[in-house]
Structures are given as C-alpha cells and as structure tokens.
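[1] for reference, the sequence and a predicted model appear below.
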Amino acid sequence: MALLEREQIKDYLNELQCQRRLSKHTLSNYQRDLSVFFKYCNQKYPSEINDWNDVLAAHIRHYISKRHQQGLAPASLQRNLSSIRSFFNYLLKLSIIKNNPATGISTPRSGRQLPNVLDVDQTCRLMQIPTDGDIFAIRDKAILELFYSSGLRLSELVQLDISDYKSTAYYVRVMGKGGKQRDVPVGKQAQQALSAWLLCRDELVKMNYSTQALFLGKQGKRISPRTIQKRMSEWAVKQGIDVHVHPHMLRHSFASHILESSGDLRAVQELLGHSDISTTQIYTHLDFQHLAEVYDKAHPRSKKSNRSSSRNK
C-alpha cells in the first residue's frame, strides 16, 4: 500500500483530535490499532491490497482471527475492530471507498467483568483527608469529592475549566466521550471542597495567568491525569484503604451507590454519560451481588441451608 494510505490514517486521527476531543490515551489506541492493521495488510497481502478499496471483509476477519490467536483479549479485539470500522466510515464519507468492509463483522464475545467499587464506609474514609492548610491537599480533596459526587471520568475532570463549574447552580458542565456535553449535579460536600480549593487556586494561577483549568499542578498549569492517579493512590494508602484506588473506581462507586439507593437505571445512565444503557446495566449486577449477600446473611432458610450443607460435608 502506498504512502497516501498511511497519510489518510494521519488525516483521520487529526480529525478525531480536532472534532471529538478524544483523550490522548484513546487517540493513542486508535493510532496503534490502525498502524498494526496497515502493517498487516502490507505484509499479508502485498499484491492483493494496493489501496483501501481493495480491503475486503475476509481480510479483516483473517486479521481479527490472527490477533485472537496471538492472545489478544476479547475487549481489545472489539476495540481493534471498532477502530478499523470507524476509519473506513471516515473513508466512506470522503468517497474514497464505496463500502465499509468492516460492517457486520463481530469479534469473540467476552464475559463482562464487574468493576471494583468501594463501599460507602471506605469512600467516606477516603474523603476525610487532612488538609491542614496544605494547598495540594485541599486541591486533592476537591478532586476526590468531585469524582465521587458527579461520577466523572478522569479525562473529563482533567479537561474542566473554571467556567465549567456553576457554583451558584450546583452543577458542573462536562464534555464527555464523542464531544457529548452533559450537566451533572455537584453535591454539598463537593461544593464545600471546591469552594476551599477556589480560595487557594489563585496562588498557583500567579505562575501561569493564561490557564483557565479548574485544577492546577505545581507549575500552575492544568493538572495531568498521572498526577491525579498518583495522588489518589497515595491518599488511599494513608487513609488505610487496603485496595488499589484509582479514579475510575470512584466513578464505579458513584454509579453503584446511586443505583443501589434509587433503582433508577436510566438516571444513572444520564449521569454517567453512557450513550447505550447496556453499558450502565453492569451496575445492576453489582446491585444484585449486594442483595444476594444481604439475603445470604439475613434469610432464615438461607442460613439453615448453609448450616446443613456444612454438616453434610
């Protein structure tokens, strides 16, 4: 395949970056997926595939099958195929190809893994970090409270500007995946933590007057995802939480706790910014796990059955 085809991948990635505001991590995944597929086409079909019009559904099926044989997880295979399908849709829109060869191709199904969550007590303990006038502890407390209060993704929180927090209306305006905007309520504890942070923020702004970021790092610039991950993990250890805590765990905990209390799956979908409710339905399984544990501990017949089973072993 010619240099032109490689340039078309670059053009596609540039469009994704400009129009959909994808995170660097997601964009990197797209780039890697398409680069590996491009290399595969060159090596496997050097005489059959001269440009993207020559790519057939059979070629893509063989590619997915090969990646599966190499041990790639089902979830990664699905992302690979999604990247390829999306790229061919881009070429189709530009009339570079006549049809999308990736349409209708499926990957091996994966069993959906339940996310790890903190229980309410663990979450409250994590939030009770001592600030003692430390500007970065005050910032971290605001970040933790906002994650749990509003169920944000890490990329969404990092991208927040100060104008996105509507303090008088108690919500935050978030730019989610695919450039989809949503307004999410901010709870009382998070409001208080954000107010404390905003009083300190000006000390860091002096170092970089141009920044509009809500959360800043030591140099007065927008805080990095890695800094948030590192600080959160450190606070979890200091607070005596014996599991690895990361930003997405607070998002999972937010969803699980809201669903457990309200039972309103559609509302949780809106709060999380899920385009498909099937993505949100994973939290119904978490809720059922909790109910099953309560049942096993509380139901007389359940306990009796367990005792009988133990005696009969």
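    Ah, there it is. Numbering: from 1, shown residues only.
[2] buried ones in the helix or strand hosting residue 259?
    Using DSSP states H and E, residue 259 falls within helix 247-262. If you call a residue buried by 16 or more other CB atoms under 10 Å, then helix 247-262 has these buried ones: 247, 249, 250, 251, 252, 253, 254, 255, 256, 257, 258, 259. (C-beta placed from N, C-alpha, C; glycine too.)
[3] any regions of the stretch 201-313 of the chain where pLDDT drops low?
    The model of the stretch 201-313 of the chain has pLDDT under 70 over residues 207-210, 277-313.
[4] all the helices of it, residue numbers only.
    Using DSSP state H, counting those that start in this stretch, the helices assigned to the stretch 201-313 of the chain run over residues 225-238, 247-262, 265-272, 277-280, 282-298, 300-312.
[5] one step back: the helix holding residue 259 vs helix 265-272, what angle?
    Between the axes of helix 247-262 and helix 265-272, defined by axes from the mean of the first three to the mean of the last three CA atoms, to 10 degrees, the angle is 150 degrees.
[6] the stretch 51-200 of the chain: strands as residue ranges?
    165-166, 171-175, 181-185 (DSSP state E, counting those that start in this stretch).
[7] contacts for the shortest one, please.
    Applying CB atoms under 8 Å, 6 or more residues apart in numbering, the external contacts of strand 165-166 come out as 172, 173, 183, 186, 194, 214.
[8] 10 Å instead, please
    With CB atoms under 10 Å, 6 or more residues apart in numbering as the test, strand 165-166 has contacts from 142, 146, 171, 172, 173, 183, 186, 190, 191, 194, 198, 214.
[9] domain assignment for the chain?
    Split into domains by automatic domain parsing, the chain comes to 3-93, 120-292.
[10] and of the strands of the stretch 51-200 of the chain, who's closest to residue 118?
    With CB to CB as the criterion, residue 118 lies closest to strand 181-185 of these, at 19.4 Å.
[11] return, as residue ranges, the portions of the stretch 51-200 of the chain with sub-threshold pLDDT.
    Scanning the stretch 51-200 of the chain for pLDDT under 70 picks out 108-115.
[12] leaving out the residues flanking it, which one is nearest to residue 159?
    residue 175 (6.0 Å; CB to CB, 6 or more residues apart in numbering).
[13] circling back to that earlier point, are any of the contacts of strand 165-166 buried, and which?
    142, 146, 171, 172, 186, 190, 191, 194, 214.
[14] list the contacts of the fourth one.
    The one in question is residue 172. Residue 172 makes contacts with 146, 149-150, 152, 156-157, 160, 164-166, 182-186, 190, 194, 214, as judged by CB under 10 Å, 6+ apart.
[15] please apply the same query to residue 241.
    Counted by CB under 10 Å, 6+ apart, residue 241 has contacts 118, 121, 122, 123, 125, 126, 233, 235.
[16] fine, thanks again, bye for now.
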